[in-house]
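> Here is a sequence with its predicted model. Questions after.
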Amino acid sequence: MFSRFARFFNQFFFLFSFLVSKTVIRMTDPEVSKLLLPEPFTGTGDITAYITQFELLSTLQNWLKPLNDSSGTQRRDASGNLLFSDKRHTIFPLRLRNSAIEFYQSLDTATKGDYDKLKAAFENQYLEPAEFFRGALRKRVQGETEKVSEFLSDLQLLARKAYPTDSEDIRNHPVLQAFMEGLFNPQVRIELRKAKPDTIKIALEQAIHLDAIYRLEASQAVAGPSSSTPTFNVNSVDKLVSHMETLLQHYNVGPVSSDRHKNRWRSP
């Protein structure tokens, strides 16, 4: 009951916050109210995910587009640099909340007016150092109900943050090691160590196969042996026959021998 109430409250609060944010945006700029915006960033989530969503939406909605003259040629400044119409720095703070919007307000005007500087400021403030993600990669273990493929995907995400300047081939080594050591089922871990897979792809295929086998065996052990031979409860049959006799007597029909029926259901 409490969980249902909490879920309803969270949904109500999310809807209320969404409507309020849309109202504020609509009051300040009618054009902005039509924009697709990322999920709010409060200062405690993943700043990389917020920036990634923001830049994908920026590309989709042309928040950064070239400035062209009447002939359609892109304009340049006095130094020959191409000119752009850039709305990103004005849209970026619209979904900031709590400490994130407070940090934005503390920035100087030059940083607020340049998207690249604004992005760098938020990354410096909220992005965890690579050492943090390296420790998280080593400590990460698969959850009891977590799929093997989901576990591997999260390890690869941590590795990209832990080793941002390294190639994928280099990152694959710590990912493979963390994957084999962090699997939930100890039997799968043992069999995988025996197999010694060379690549992440092979390790994933073998782990999924082994995990499926052990889960199937565990489910069959819980269910127990099945029998195709039907069993009957003699007492239940006796009660049914007695009830039928009562009905037959009520409608003046001849009696039914309960012994004859009981013998039919009993084993010889």
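Received, thanks.

> Relative to S71, how far out is the most centrally placed residue in the chain?
Centrality entry for the chain: nearest residue to the mean C-alpha point is E150, 8.6 Å, by CA atoms, centre = their mean. As defined by CB to CB, to the nearest Å, E150 lies at a distance of 53 Å from S71. All C-beta atoms are positioned from the backbone trio N, CA, C, and that covers glycine.

> so where do the helices sit in the stretch 151-268 of the chain?
168-182, 186-195, 200-223, 234-250, 258-265 (DSSP state H, counting those that start in this stretch).

> The first one packs against which elements?
Spelled out, it's helix 168-182. If you count contacts as 3 or more CB pairs under 8 Å, 6 or more residues apart in numbering; DSSP states H and E, helix 168-182 packs onto helix 130-139, helix 148-162, helix 186-195, helix 200-223.

> Buried deepest among those helices, which one?
Highest mean neighbour count among those (mean count of other CB atoms under 10 Å): helix 148-162, with a mean of 19.

> Could you check the angle it makes with helix 168-182?
130 degrees (axes from the mean of the first three to the mean of the last three CA atoms, to 10 degrees).

> So which elements touch helix 148-162?
By 3+ CB pairs under 8 Å, 6+ apart, helix 148-162 packs against helix 130-139, helix 168-182, helix 200-223.

> CA-only coordinates of the second one in PDB, if you can.
Pointing back at helix 168-182 there. Extracted in PDB, the C-alpha atoms of helix 168-182 (Å, rounded to 0.1, in the frame of the first residue of the first chain):
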ATOM      1  CA  GLU A 168      38.500   0.300 -27.100                       C
ATOM      2  CA  ASP A 169      41.000  -2.500 -27.500                       C
ATOM      3  CA  ILE A 170      42.900  -1.300 -24.400                       C
ATOM      4  CA  ARG A 171      39.700  -0.800 -22.400                       C
ATOM      5  CA  ASN A 172      38.500  -4.300 -23.200                       C
ATOM      6  CA  HIS A 173      41.100  -5.900 -21.000                       C
ATOM      7  CA  PRO A 174      39.900  -4.500 -17.700                       C
ATOM      8  CA  VAL A 175      36.300  -5.000 -18.800                       C
ATOM      9  CA  LEU A 176      36.900  -8.700 -19.500                       C
ATOM     10  CA  GLN A 177      38.500  -9.100 -16.200                       C
ATOM     11  CA  ALA A 178      35.800  -7.300 -14.300                       C
ATOM     12  CA  PHE A 179      33.100  -9.300 -16.200                       C
ATOM     13  CA  MET A 180      34.600 -12.700 -15.400                       C
ATOM     14  CA  GLU A 181      35.100 -11.800 -11.700                       C
ATOM     15  CA  GLY A 182      31.800 -10.000 -11.200                       C
END
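
> Is L94 in contact with E39, as I believe?
No. Taking contacts as CB atoms under 8 Å, L94 lies outside contact range of E39: 12.0 Å.

> Break the protein into its domains for me.
The record, using automatic domain parsing to delimit domains, assigns the chain the ranges 2-66+84-126, 130-223, 235-265.

> Give me the distance between the two termini of stretch 126-143.
27 Å (CA to CA, to the nearest Å).

> now what about that stretch, what contacts it?
43, 47-48, 100, 148, 151, 154-155, 158-159, 161-164, 174-175, 178, 182-184 (CB atoms under 8 Å, 6 or more residues apart in numbering).

> go on, stretch 51-71?
Outside stretch 51-71, the residues that touch it by CB under 8 Å, 6+ apart are 35-39, 74-75, 82-88, 91-92, 115, 119, 122-123.

> please redo it, this time with the cut-off set to 10 Å
34-39, 41, 46, 72-77, 82-92, 94-95, 115, 119, 122-123, 126-127 (CB atoms under 10 Å, 6 or more residues apart in numbering).

> buried subset of those?
37-38, 41, 86-89, 91-92, 94-95, 115, 119, 122, 126-127 (16 or more other CB atoms under 10 Å).
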